[in-house]
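A.B. asks: Sequence first, then the predicted structure:
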Amino acid sequence: MVVLSQPVPFDNHISVIPTYRPVPVLTSQSIPVVDLTDPEAKSQIVKACEDFGFFKVVNHGVRPELMTRLEQGAIGFFALPESLKNQAGPPEPFGYGSKRIGPNGDVGWIEYILLNANTQLSSPKTSAVFRQTPQIFREAVEEYMKEVKEVSCKLLEMMAEELGIEPRDSLSKMVRDEKSDSCLRLNHYPTAEEEAEKMVKVGFGEHTDPQIISLLRSNNTAGLQICVKDGSWVAVPPDHSSFFINVGDALQVMTNGRFKSVKHRVLADTRRSRVSMIYFGGPPLSEKIAPLQCLVPKKEDWLYKEFTWSQYKSSAYKSKLGDYRLGLFEKQPLLTHRCTV
Ligand SMILES: C=C1C[C@]23C[C@@]1(O)CC[C@H]2[C@@]12CC[C@H](O)[C@@](C)(C(=O)O1)[C@H]2[C@@H]3C(=O)O
Ligand SMILES: O=C(O)CCC(=O)C(=O)O
Ligand SMILES: [Fe+2]
């Protein structure tokens, strides 16, 4: 038997992964689940960020009706003829994209819309997205972003309190800032026919999210996997009523590596399409990102050099999806960061 250690290129260079080595599924016992109304929530969040860089949130307060409305709007857009969708693409980086992810040759079994959190700052491609969709879609996008931003800030404040970061809005104020570089991504992974030799298509290849925090909500189709501490992949059971939270690269730096930005990927499903919506909470472009002084007072203990979010973003956009982007900003670069397939 041939044992594949890396995804292999398939048609359109979309990678495929063998299903004969199934990955374990995280159970409700092993995945950290945080109930935001629980008095223990703060310490559970910090533990989950240290152990996984990932957790699930229930009782978050975002209206289920709003999630469904946004999902329906996204489905409406993705159902449009290619010619109309393509008027909003290719993404720059905002707008509509199909198969191509980012500017450096990455591809996946996916189509998506990427929107700036400040929808008032229109670009030709985002205006084209909203031209093809009813006004209620734009309203759903705006209402949803307001609500998830609040949840992001609440989570960041709970982390700050538990870590003893003063003032407690040190992290959340970057996302709350009117110049915050946050964005919303709506992803559609169409069903993928089963490949020969039981191979499954990669929808979104392995990567970490560059920002501070990501809040992911999907329909009930599986596909999301995270890379855990021992380097193996585990499948995350979907739950359309909850959020899945990813620690991003910027938060890893600000906690000097105490929190890990989680490597994750999405595999396509043979029977059901997956629709996900991810809010990426990012700092303003001019914000300086470095380990927080109150956590690491002595500069010689810093694992990372200081950089602005603008510098990190431009370096990220020169990288491939699976690259270890923090490497360039480490004081002593680490050697290996790959997950096993
Ligand atoms: C290949 C790329 C796509 C990406 C920008 C990048 O050059 C590397 C990071 C990618 C990523 C992953 C998380 C988010 O989905 C995203 C919007 C982001 O901020 O960084 C994407 C970028 C993208 O698709 O434009
Ligand atoms: O679609 C998903 O479930 C995750 C997508 C993702 O990781 C991303 O958009 O950065
Ligand atoms: Fe991601």
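C.D. replies: Now that the structure is in, tell me what you want to look at. Model, not experiment: these values are computed from the prediction. Ligands and ions are numbered 1, 2, ... in the order given.

A.B. asks: Any idea which residue of the stretch 101-250 of the chain lies closest to ligand 1?
C.D. replies: Using Cβ to the nearest ligand atom, the closest approach of the stretch 101-250 of the chain to ligand 1 is made by Gly102 at 2.3 Å. C-beta coordinates here come from the backbone N, C-alpha and C atoms, glycine included.

A.B. asks: Hmm, Lys318 and that residue touching each other?
C.D. replies: No. Between Gly102 and Lys318 there is no contact under Cβ atoms under 8 Å: 9.8 Å.

A.B. asks: does the residue in the stretch 51-200 of the chain that ligand 2 sits nearest to belong to a helix or a strand, and which?
C.D. replies: For the stretch 51-200 of the chain, the residue positioned closest to ligand 2 under Cβ to the nearest ligand atom is Asn187, at a distance of 4.1 Å. Asn187 is part of strand 183-189 when elements are defined by DSSP states H and E.

A.B. asks: and that strand, does that touch ligand 1?
C.D. replies: Yes. Using Cβ under 6 Å from any ligand atom, strand 183-189 reaches ligand 1 at Arg185.

A.B. asks: Same check on stretch 316-331?
C.D. replies: Yes. Applying Cβ under 6 Å from any ligand atom, one finds stretch 316-331 touching ligand 1 at 316-317, 319, 321.

A.B. asks: related to what we said a few turns ago, OK, contacts around the spatially closest residue to the residue of the stretch 101-250 of the chain closest to ligand 1 that is not a sequence neighbour?
C.D. replies: Nearest in space to Gly102, with sequence neighbours left out and distances taken as Cβ to Cβ, 6 or more residues apart in numbering, is Leu321 at 6.1 Å. Contact criterion Cβ atoms under 8 Å, 6 or more residues apart in numbering gives 101-102, 104, 106, 205-207 as the residues in contact with Leu321.

A.B. asks: Quick check: the farthest pair among the residues you listed?
C.D. replies: Of all pairs drawn from these, the widest gap by Cβ to Cβ lies between Asn104 and Glu206 and measures 14.8 Å.

A.B. asks: So for these two, which sits in the more crowded spot?
C.D. replies: Comparing Asn104 with Glu206 by other Cβ atoms under 10 Å, the one with more neighbours is Glu206, at 20 against 12.

A.B. asks: can you give me phi and psi for that one?
C.D. replies: phi -60, psi 140 (degrees, to the nearest 10).

A.B. asks: Over to the one 10 residues further on?
C.D. replies: As for Leu216, its main-chain torsions (degrees, to the nearest 10) stand at phi -110, psi 130.

A.B. asks: Tell me how many other residues surround it.
C.D. replies: Applying other Cβ under 10 Å, we find 23 other residues in the vicinity of Leu216.

A.B. asks: just Asn118 next, same as before
C.D. replies: Using other Cβ under 10 Å, Asn118 is surrounded by 14 other residues.

A.B. asks: Enumerate the residues of the stretch 201-341 of the chain near ligand 2.
C.D. replies: Counting by Cβ under 6 Å from any ligand atom, the residues of the stretch 201-341 of the chain near ligand 2 are 204, 209, 216, 218, 224, 264, 266, 276, 278.

A.B. asks: which non-adjacent residue is nearest the first one?
C.D. replies: If I follow you right, that is Phe204. Using Cβ to Cβ, 6+ apart and skipping residues adjacent in sequence, the residue nearest Phe204 is Val266, 4.1 Å away.

A.B. asks: Please verify my assumption that that neighbour contacts Leu224.
C.D. replies: Yes. Look at Val266 against Leu224 with Cβ under 8 Å: they come within range, at 5.5 Å.

A.B. asks: quick one, longest strand in the chain?
C.D. replies: When the chain is parsed with DSSP state E, its longest strand is strand 106-116.

A.B. asks: ok, that strand near ligand 1 or not?
C.D. replies: Yes. Counting by Cβ under 6 Å from any ligand atom, ligand 1 has neighbours in strand 106-116: 106, 114.

A.B. asks: next one: stretch 209-217
C.D. replies: Yes. Contact of stretch 209-217 with ligand 1 is found when judged by Cβ under 6 Å from any ligand atom, involving 209-210.
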